[in-house]
Every structure is written in C-alpha cells, then in structure tokens.
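**Student:** Take a look and give me a structure for this.
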Amino acid sequence: MAIKMPRPLFMLLLLAGCQAASYPLPESQKLSTEKVAQIAATIEQKYPKLSSETRRQLLSTVVQSLDNMVFIEGGEFEMGDFGWPYDDDPENLCDWPCGVEPERMGNISPFGEDDFVHPVKLSSYHFSKFQTKLEDFDLYFVTQGKPLFDKELRKREDLQFRYQPDLPAPVKDWQEAKDYCGWLGLLSGYPVDLPTEAQWEFAARNRGKYVAFPTDNGSLNFGRNFPESNRLKPFPVDTFTPNPLGIYNLSGNATDWVNDWYDKDYYRNSPVENPQGPNTGTQRIRRGATVAEEPRFNASAVRRWGDDPIKKDYYSTVSFRCAIQSEKPL
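**Tutor:** Sure, this is the predicted structure:
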C-alpha cells in the first residue's frame, strides 16, 4: 500500500534534494519557494546528465521568465486600424479622437489587412514584458542537444555585436519559437505558449486603448521611448521606456511571431471572444516593426503582416516573446 507523504514534508525533501544537487533555489518575485522547488525537481528529473551549473542556469532562466510575465486583465476592445487625424505630429500625438470626425481621419497603417475594425473580448492572460533573450534561447538549444546556430560566425571579432546575450533571440523557424514557449511550459507546469495576435495588440495598446504606437505615451519620442531613426542594429530587450503595462520594445527592435495563421481577410470573420486566428494557412503572423523600418509607417500598434514561417537564416529582426494562457495571476 502506497504511503502518502504530507505535502510540507514532501516539499522540504524537494528543497533538500535541490540543494544537494549543488544549485541553490533562486528567489522569485512571484513564485512561492515550493513552486520554485517543484520546477527544480522537474529539471533534475528531465536533465540528469546536464552539469550542475547548467541546471542551475536553467532553473534561474525558467524562474526569471515567469517573473517577467505581466498579468493583463482581460477586457473588450475594438481591434484594427481605428484611424488617426491627418497631419498629426507622431512625436506629440493628440488624445484620440482629437475632436475629429471619423470621416476626416486617415489610416494609422498603410497596410489594408488591418483596416476592418471589429470587437474582441479577451480573457485575462500573462504576457512577457521582454522579448526572449539570445542567451536563454541558446540555453534551450543546449538542453535539446542541438548545436548553437552560427557557431563559427560567433567566433569572428567583427560580428560580436550580433550575438550579445541580452539581444532578442533570432529564430529561423516559427516552430522554434512555439517550441521554446512550450518548453518553458513543460518545465514550469504553466500553460506557456506564443500569444495570439489579439493578445499582442491588446497588450500593445495598453489594454485596447486608442493609441497609435505601442509606447508609454502613444507617441514616438526618439531616443527616449523609441530608437533614433539612424539606429540600424537590434538592441538589448530592456532598452527604452516600456509601455504603461511595463512591456518593452513592442516595436522598433525585432518583430514578434504570434501564434496565429495569417489570412488577410480574417478580421471580417473573427469571433468576438478570444480569437485564435484561422484554422489553417501557409503563413504565420509577425507583429511590431524592425529597427531598420520607417517607424511612422511601420511601427504602429495595429500593423499586422503575414510571413513565411521558415526563414532562410537566423535574422536578428525576427524574434518572439511568450505568454501564459491562464486567467489567474501567478
């Protein structure tokens, strides 16, 4: 007959086991000590052949990734290009609708597939305030027994700027981003995944408010909340001022893959509650804009674009961030 161990004693044994494995439990801003111990035990069980130092790094990465999650209370909003007055200064935008009749407004984005404004109602969820860092993506490769991408190029002195650990992780294949988030979910026990397109826009617009750019004030203040126009290289994920929800670089660094298939007409058929995108497709959706693009046309919070899910290489302007698909705060 199996003997049921009291929960406190079980957790104490987990703690003792983790310490015996020579990687102490990191402190967490959001997780209980018991939850951190549980994650450590999962890592110990799944990766017994990794070195103690690698397992310690892995535990720290998983815990920090969860601490970086912003809880976003669900709500309703009008998704899509809601329009903006002509000739307004993008560096000092007015408060929409700026006293302007809808028929006198122009498009925020020059791309037509975001024009159909439609109601969306979202449940609460968590959204990472940072794009996934290169060093965390590298650690994922190590745990999967895969060689690091661009291994030889990383040795070149003139290319070191591409491979700094705090840059957005470049992905060659959308599936890599999907699998990374799922891997965090497996180790943490939370339903981690890529965010949906609707979740991304809701977060970028500060819970669906009528803001044109996903910055702290909805305007482009170059050098403060957005990169200078002459900057052409990606930068660390925690650069510049975050938006009011505490989320960094939703535009102007690397773009974010989201979970949805792409269909240019999907907005006309989207369900109101928690839309997940089309059931099938040939392209996936990226959100945001790259550091090299003209921000006044490309960096808006409503822009959407479909792209082939497999790229030719690991481009520094194609990245992602994860979400936790749970309505309860951590």
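
**Student:** can you give me the helices in this structure?
**Tutor:** Secondary structure of the chain (DSSP state H): helices at 7-20, 33-46, 52-67, 134-143, 174-188, 197-204, 295-298.

**Student:** Buried residues, the second one. List them.
**Tutor:** So that's helix 33-46. By neighbour count with 16 or more other CB atoms under 10 Å, helix 33-46 contains the buried residues 35-44. To be clear about C-beta, it is placed using only N, CA and C from the backbone, and glycine gets the same treatment.

**Student:** repeat for the fifth one
**Tutor:** If you call a residue buried by 16+ other CB under 10 Å, then helix 174-188 has these buried ones: 174, 176-178, 180-185, 187-188.

**Student:** just how off-centre is that helix within its chain?
**Tutor:** Between the centre of helix 174-188 and the centre of its chain there are 12 Å (CA atoms, centre = their mean, to the nearest Å).

**Student:** can you check the longest one too?
**Tutor:** Between the centre of helix 52-67 and the centre of its chain there are 18 Å (CA atoms, centre = their mean).

**Student:** now for that helix, which elements pack on it?
**Tutor:** In terms of contacts (3 or more CB pairs under 8 Å, 6 or more residues apart in numbering; DSSP states H and E), helix 52-67 is packed against helix 33-46, helix 134-143, helix 174-188.

**Student:** what's the answer for the second one, then?
**Tutor:** Using 3+ CB pairs under 8 Å, 6+ apart, the elements in contact with helix 33-46 are helix 7-20, helix 52-67, helix 174-188.

**Student:** Could you dump the buried residues of helix 174-188 into CSV with pLDDT and distance to residue 136 added?
**Tutor:** As requested, those are exported to CSV (pLDDT from 0 to 100; distance: CB to CB, whole Å):
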residue, pLDDT, distance to residue 136
174, 98, 18
176, 98, 13
177, 98, 12
178, 98, 15
180, 98, 8
181, 98, 11
182, 98, 14
183, 98, 10
184, 98, 9
185, 98, 14
187, 98, 12
188, 98, 13
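
**Student:** What's opposite the residue nearest to residue 280 when sequence neighbours are not counted in the beta bridge?
**Tutor:** Excluding the flanking residues, the one nearest residue 280 by CB to CB, 6 or more residues apart in numbering is residue 261, at 6.2 Å. Taking DSSP bridges as the rule, residue 261 bridges to residue 284.

**Student:** my read: residue 261 touches residue 284, true?
**Tutor:** Yes. In this structure, residue 261 is within contact of residue 284 by CB atoms under 8 Å, at 6.4 Å.

**Student:** what's residue 204 in contact with, if anything?
**Tutor:** By CB atoms under 8 Å, 6 or more residues apart in numbering, the residues touching residue 204 are 214, 243, 247, 250-251, 287-288, 301.

**Student:** how much space between it and residue 260?
**Tutor:** Going from residue 204 to residue 260 by CB to CB, to the nearest Å gives 15 Å.

**Student:** My read is that residue 324 contacts residue 191, right?
**Tutor:** Yes. Counting by CB under 8 Å, residue 324 touches residue 191, with 6.2 Å between them.

**Student:** The two: which is more packed in?
**Tutor:** residue 324 (26 against 14; other CB atoms under 10 Å).

**Student:** which non-adjacent residue is nearest that one?
**Tutor:** In space, residue 324 is closest to residue 126, 3.7 Å off (CB to CB, 6+ apart).

**Student:** Give me the local confidence score for the one you found.
**Tutor:** If you check residue 126, the pLDDT there is 98.

**Student:** Verify the contact between residue 78 and residue 119 for me.
**Tutor:** Yes. Using CB under 8 Å as the test, residue 78 is close enough to residue 119 to be in contact (6.2 Å).

**Student:** Tell me how many other residues crowd residue 328.
**Tutor:** Around residue 328 there are 8 residues (other CB under 10 Å).

**Student:** Now do the same contact list for it.
**Tutor:** Here residue 328 is in contact with residue 124 (criterion: CB under 8 Å, 6+ apart).

**Student:** any idea how far residue 113 is from it?
**Tutor:** For residue 328 relative to residue 113 (CB to CB), the value is 34 Å.

**Student:** Would you reformat the contacts of residue 204 as CSV and include neighbour count, pLDDT and distance to residue 97?
**Tutor:** Formatted as CSV, these follow (neighbours: other CB atoms under 10 Å; pLDDT from 0 to 100; distance: CB to CB, whole Å):
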residue, neighbour count, pLDDT, distance to residue 97
214, 31, 97, 19
243, 25, 98, 21
247, 23, 98, 25
250, 28, 97, 23
251, 27, 95, 22
287, 25, 97, 24
288, 28, 96, 25
301, 30, 97, 16
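
**Student:** now the residues you listed as TSV including distance to residue 208?
**Tutor:** TSV is the format used below for the contacts of residue 204 (distance: CB to CB, whole Å):
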residue	distance to residue 208
214	12
243	12
247	14
250	14
251	17
287	15
288	17
301	10
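
**Student:** how close does the nearest residue to residue 236 once chain neighbours are set aside get to residue 199?
**Tutor:** Leaving aside its sequence neighbours, residue 236 sits nearest to residue 166 (CB to CB, 6+ apart; 4.1 Å). Separation of residue 166 from residue 199 (CB to CB): 24 Å.
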